[in-house]
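Asks: what follows is a predicted structure for the sequence shown.
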Amino acid sequence: MENWILYGKSGNPSFEVTKAWLKNHGIPAEVRSVFRITEQEIENLANISPRGVKGLAFPDAFSFSLINPQRASDQTLIDKIQSNALSDNEVKSLLVENPYLIVSPILTNFETLIIGYQYDVMVNKFRFFKVRDIQQA
Amino acid sequence: MSRFDIFREAGNPMFNENKLKMGIFAPNLSNSCTMTLAESSFEPNFETNVKIAKLLEDAGYECIVPAARWRGFGGPTNLHGRCMETFTWSAAMAAVTEKIYLFCTSHVPTMHPIVAAKMISTIDDISQGRIGLNTVVGWFPKEMEMFGGTKMEHDKGYKYSTEWLEIVLRLWSEQYFDHKGEFFEIKDGFSEPKPVQNPRPVLISAGTSPAGRNYAARFTDFNFGYIESIEQASEWTKTVRKLAWEEYHREINTFTSSFVVCRPTEKEAKEYYDYYVREQGDWEVAKIITDMFGMHASSHSKEYLSMAQERFIGGFNGWPLVGTPEQVAEGLIKIANSGVSGTLVTFVDYLKEMPYFNENVLPLLEQAGIRNPVAKNNSITHKKEAESLIGSR
């Protein structure tokens, strides 16, 4: 049986819709708050992200502000990350200290990474999906 | 951890510590397991079934196995002509019981596996993990003909059951799958809810033919069968276990059925047996059924046929337990010692005969160490709740 984890932040419509999609299609996933993400988890996710650790941060200040309107002053951090002004290690440290900079939702089994609510990707991914193992001796 | 360990850890009564599990068979059918015109208060209705279930729960029985029947066999009793359908029966029983394990019996050719998988999952939710599935191919031709087809040839029936059950298992454990087989084509198969139970509902099947045993060994947790002698019961259990382990690396248990006539004296028990079997027995239907099982006068002696028919009349070929509480207990202890893990018991009149059996035989089984004493609980409350549910209908 596969173990999937959904990282997210309450109030993020894409996270709520992804969570609802999983529940209503009978796909079990452990839901974790992005605010509780560990350094090791960030590293693991960065390893499977096509854009490395930067791919885990919001892609631009505008999308960040839509989800985090109360953190207007931090928009500059997103600009810094995405403008390649920081090394991967610096980005990682920034995300560890400020997990709200991480885009959400992130749905993963640490082999596949699905960022954002991606209907078609999920429909194609969750086929022949083992919910439980009932073939034990 | 093996499948049986998971069931045990989950508290499934079918895997408890009792060396001899006990249940009853076919309380949803007219005449239940007896082919007799003898008087009985037994009725295959919900009210009677709830009362029986409460007797069973209070006495610590493990299960109830209903039988699936779509028409009577004929004879003056029209045996099993009235039958409560088993999925709806178990859903209702699940709502008014709380400990006993229930089964649905499904004639696989009469129901699509998607419907069956979802119904079982639904009942599993209602019962909070107390529903199992008994799959049968169907052996009564007139019954299967009612569904617009014919009874399937024996081995083809098991091929059909195999594919049917494989689909059910996938529906219980997978989402969005395709299946293309000899009998079914499923596109984008999906089912919710999944069963509550871990790892899945208990699966049982009867069948002693090579194909039947192979099916049981491959998929089920209990192979049900009638026993001819204690030695044969022991041999059957060993053979099925060996088959399951060697072919599929699986564990399996066996379970049988017995009919009970228990009275304070042996004379009373034998007199009642003579009354309901020899005097009031429906020998016509017994012949119809033994004919269907291939027991013909041309191939068996008159004495053998008569004995076989008596067993069918007494309790649908169950193992006879006729005598005093001590004699009946001795018979049950022998079954337990044969390696068979349990027996369903049947009576002519459950509500009249079971209390005596429960009060006088079960303590002897506890003394013998093959069953644990029942922990008394607030069963009276549950009984009242059940009565009020029935009363409000």
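Replies: Nice, I can see it.
Asks: going by C-alpha atoms from here, please, whenever you check contacts or count neighbours.
Replies: Will do.
Asks: who does the one residue sitting closest to the centre of chain B bridge with?
Replies: Computing the C-alpha centroid of chain B and ranking residues by CA atoms, centre = their mean puts B:Val65 first, at 3.5 Å. Per DSSP bridges, the residues bridged to B:Val65 are B:Phe25.
Asks: surely it meets B:Leu102?
Replies: Yes - the criterion here is CA atoms under 8 Å, and B:Val65 meets it with B:Leu102 at 6.4 Å.
Asks: need the contact list for the residue nearest to the centre of chain B.
Replies: B:23-26, B:102-105 (CA atoms under 8 Å, 6 or more residues apart in numbering or on different chains).
Asks: which SSE is B:Thr105 in?
Replies: Assigned by DSSP states H and E, B:Thr105 falls within strand B:101-107.
Asks: output that strand in PDB with nothing but the alpha carbons.
Replies: The C-alpha trace of strand B:101-107 is given here as PDB (Å, rounded to 0.1, in the frame of the first residue of the first chain):
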ATOM      1  CA  TYR B 101     -20.500 -12.000  13.700                       C
ATOM      2  CA  LEU B 102     -22.900 -12.100  10.900                       C
ATOM      3  CA  PHE B 103     -22.600 -13.400   7.300                       C
ATOM      4  CA  CYS B 104     -24.200 -12.700   4.000                       C
ATOM      5  CA  THR B 105     -24.600 -15.600   1.700                       C
ATOM      6  CA  SER B 106     -24.400 -14.700  -1.900                       C
ATOM      7  CA  HIS B 107     -25.300 -16.900  -4.900                       C
END
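Asks: what residues of it count as buried?
Replies: B:101-107 (16 or more other CA atoms under 10 Å in any protein chain shown).
Asks: how distant is stretch B:169-176 from the center of its chain?
Replies: Centroid separation for stretch B:169-176 versus its chain: 26 Å, with CA atoms, centre = their mean, to the nearest Å.
Asks: show me the strands in chain A, by range?
Replies: A:5-8, A:30-33, A:106-108, A:113-115, A:129-130 (DSSP state E).
Asks: beta partners of the closest residue to B:Glu266 other than its chain neighbours?
Replies: Distances taken as CA to CA, 6 or more residues apart in numbering or on different chains place B:Gly323 nearest to B:Glu266, at 4.6 Å, with adjacent residues excluded. For B:Gly323, the beta-bridge partners are B:Cys262 (DSSP bridges).
Asks: can you give me the pLDDT of B:Gly323?
Replies: Per-residue confidence for B:Gly323 comes out at a pLDDT of 98.
Asks: which residues sit against the helix ranked longest in chain A?
Replies: The longest helix of chain A (DSSP state H) is helix A:13-24. Residues from elsewhere that reach helix A:13-24 (CA under 8 Å, 6+ apart): A:6, A:8-10, A:28-29, A:31, A:104-105, A:116-117.
Asks: swap in stretch B:214-225?
Replies: With CA under 8 Å, 6+ apart, stretch B:214-225 has contacts from B:158, B:162, B:202-208, B:213, B:240-241, B:243-244, B:247-248, B:250-257.
Asks: and these, which are buried?
Replies: B:158, B:162, B:202-208, B:213, B:240-241, B:243-244, B:250-257.
Asks: also within reach of chain A: list those from the residues you listed.
Replies: B:250-251 (CA under 8 Å from any CA of the partner chain).
Asks: in strands, which of the buried ones among the contacts of stretch B:214-225 appear?
Replies: Filtering the buried ones among the contacts of stretch B:214-225 for strands - DSSP E - leaves B:203-206, B:253-257.
Asks: B:Leu171: which of those is nearest?
Replies: B:Leu203 (14.8 Å; CA to CA).
Asks: tell me, what residue is most central in chain A?
Replies: A:Ile106 (2.1 Å).
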